[in-house]
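Peer 1: Here is a sequence with its predicted model. Questions after.
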Amino acid sequence: MKKHILMVYFLFITASVFVMCTNPGKENGQDGTPEQTASPTGEEKPENRIAEQDTIKGSIPSEASGSIGPANIKINYYAPGVKGRILWGGLVPYDQVWVTGAHMATNMETDRDIIIGEQKIQTGKYALFTIPGREEWTVIINNNWEQHLADDYDQKEDILRLTVKPLVQDRHRERLKYEVKPVSETEGTINISWDKLMIAIPVKVTS
């Protein structure tokens, strides 16, 4: 009788272990992964959401386009990411001509004459460079729009140099971004933002 009881007990323990090993979802969820706590509305709590991250390693070919009055402006550039690096005074040195992008020179094209600062820019395609500074930036419009970085940059081909002040933003922007922003029927800006800095280049439409 004693042997019979021990045999039944042994079979019970064996069966329990087998069920636990083949059905881990009991503790974690139906697929074996930890369950996530839902809010009363049925939505997943913010702390349980996986933040969307920029995992692209290289610089992305990008385009910004928009209209300021009758002028259609298009900017082609490569958008690098911060990737945890120190940008200003680090990856992007102060007081040096910067392609304001990556790889090929950033280029700007307009199908109408425009005015940047007080300088008239005729219909056409140009390179856009900047010289970042601690307090001020210099915006450069250059005739040689097709070049690699600033390797072939020649100041003699500049048609515009304009000083602007960078603005500190609350929001971090992981990738460099250009935007063409109209503010009225005849005026607007070309905005360049990256990390927590932005510069706004004033643009007017000629009559």
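Peer 2: The structure has been received and is ready for your questions. Bear in mind that the values here come from a model prediction, so they are computed numbers and not experimental data. Numbering: from 1, shown residues only.

Peer 1: separation between the closest residue to residue 60 other than its chain neighbours and residue 174?
Peer 2: Leaving aside its sequence neighbours, residue 60 sits nearest to residue 79 (Cβ to Cβ, 6 or more residues apart in numbering; 4.7 Å). Just so you know, the C-beta spots here come from the backbone N, C-alpha and C atoms, and that holds for glycine as well. To residue 174, residue 79 is 9 Å away according to Cβ to Cβ, to the nearest Å.

Peer 1: neighbour count winner among the two?
Peer 2: Each of residue 79 and residue 174 has its neighbours counted (other Cβ atoms under 10 Å); residue 79 has more, 22 against 16.

Peer 1: Wait, the more buried one touches residue 58, no?
Peer 2: No: contact between residue 79 and residue 58 fails when scored by Cβ atoms under 8 Å: they sit 9.7 Å apart.

Peer 1: Quick check, central residue of this protein?
Peer 2: residue 175 (2.2 Å; Cα atoms, centre = their mean).

Peer 1: so where's the chain uncertain?
Peer 2: Scanning the chain with the threshold set as pLDDT under 70 gives 1-55, 207.

Peer 1: Check what contacts stretch 91-107 and list those residues.
Peer 2: With contact meaning Cβ atoms under 8 Å, 6 or more residues apart in numbering, stretch 91-107 is reached by 59, 75-80, 85, 88, 125-134, 140, 142, 144-150, 153, 176, 178, 192.

Peer 1: From the chain's centroid, how far away is stretch 154-172?
Peer 2: Here stretch 154-172 shows a centroid-to-chain-centroid distance of 19 Å under the convention Cα atoms, centre = their mean, to the nearest Å.

Peer 1: count of residues packed around residue 111?
Peer 2: By the criterion of other Cβ under 10 Å, residue 111 has 13 neighbours.

Peer 1: How about the contacts made by it?
Peer 2: Taking Cβ under 8 Å, 6+ apart, we find residue 111 in contact with 71, 72, 123.

Peer 1: Name the SS class of the nearest residue to the first one once chain neighbours are set aside, please.
Peer 2: Beyond its immediate neighbours in the sequence, the residue positioned closest to residue 71 (Cβ to Cβ, 6+ apart) is residue 112, lying 3.8 Å away. Classification of residue 112 using DSSP: H, G, I helix; E, B strand; the rest coil returns coil.

Peer 1: what's around residue 112, how many residues?
Peer 2: 16.

Peer 1: By residue count, which strand of the protein is the longest?
Peer 2: Looking across the chain with DSSP state E, the single longest strand is strand 187-205.

Peer 1: That one packs against which elements?
Peer 2: strand 60-68, strand 71-79, strand 114-116, strand 137-142, strand 158-164, strand 167-182 (3 or more Cβ pairs under 8 Å, 6 or more residues apart in numbering; DSSP states H and E).

Peer 1: any chance of those in JSON lines, plus distance to residue 201?
Peer 2: Listed next are the helices and strands packed on strand 187-205 as JSON lines, based on distance: least, Cβ to Cβ, whole Å:
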{"stretch": "strand 60-68", "distance to residue 201": "11"}
{"stretch": "strand 71-79", "distance to residue 201": "10"}
{"stretch": "strand 114-116", "distance to residue 201": "6"}
{"stretch": "strand 137-142", "distance to residue 201": "5"}
{"stretch": "strand 158-164", "distance to residue 201": "7"}
{"stretch": "strand 167-182", "distance to residue 201": "10"}
